[in-house]
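Asker: Have a look at this prediction, sequence included:
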Amino acid sequence: MTTERKIGLDRPVNRGNAGKGRKKGVPNKITADLRAMILGALDSAGGQDYLVQQARDTPGAFMTLLGKVLPTTLAGDAENPLLLMSESESDARLAELMTKAGWRQA
């Protein structure tokens, strides 16, 4: 099998590495480096205490962040099944948890 293909009259094109990219499962180096920098900045800013303060000061932005980091599929198990509730029940439960956590409502 040849790794070259002729284009035109005299110009061979090397196709030996075409389509080979990263192996499956290897993270993008830039993404991994950026994630490490973000986590380093979070650590320098105060870590969990900083996030708690942000949750209190800007709950909307914090909830957006939370929505991005939570898994998209939730599953329960036989001993701890998922609890399904109506929107009004979930609103009341959320308000109760926010009050316990000391969050102020906007």
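Answerer: Received it, and whenever you're ready, just let me know what you need.

Asker: Could you export whichever helix in the chain runs longest as PDB, CA atoms only?
Answerer: What stands out as the longest helix in the chain, according to DSSP state H, is helix 29-45. Coordinates of each C-alpha in helix 29-45 appear next as PDB, following Å, rounded to 0.1, in the frame of the first residue of the first chain:
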ATOM      1  CA  LYS A  29      -4.300  19.400  26.300                       C
ATOM      2  CA  ILE A  30      -5.500  23.000  26.200                       C
ATOM      3  CA  THR A  31      -8.800  22.000  27.800                       C
ATOM      4  CA  ALA A  32      -6.900  20.100  30.600                       C
ATOM      5  CA  ASP A  33      -4.500  23.000  31.100                       C
ATOM      6  CA  LEU A  34      -7.400  25.500  31.300                       C
ATOM      7  CA  ARG A  35      -9.300  23.400  33.800                       C
ATOM      8  CA  ALA A  36      -6.200  23.200  36.000                       C
ATOM      9  CA  MET A  37      -5.800  27.000  35.800                       C
ATOM     10  CA  ILE A  38      -9.500  27.500  36.800                       C
ATOM     11  CA  LEU A  39      -9.200  25.100  39.700                       C
ATOM     12  CA  GLY A  40      -6.000  26.800  40.800                       C
ATOM     13  CA  ALA A  41      -7.700  30.200  40.700                       C
ATOM     14  CA  LEU A  42     -10.600  28.800  42.700                       C
ATOM     15  CA  ASP A  43      -8.200  27.500  45.300                       C
ATOM     16  CA  SER A  44      -6.400  30.800  45.500                       C
ATOM     17  CA  ALA A  45      -9.700  32.700  45.900                       C
END
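
Asker: packing partners for the very next helix or strand once past that helix?
Answerer: Sequence-wise, the next helix or strand downstream of helix 29-45 (DSSP states H and E) is helix 48-57. With contacts defined as 3 or more C-beta pairs under 8 Å, 6 or more residues apart in numbering; DSSP states H and E, helix 48-57 has these neighbours: helix 59-69. From N, CA and C alone the C-beta is placed, and that goes for glycine too.
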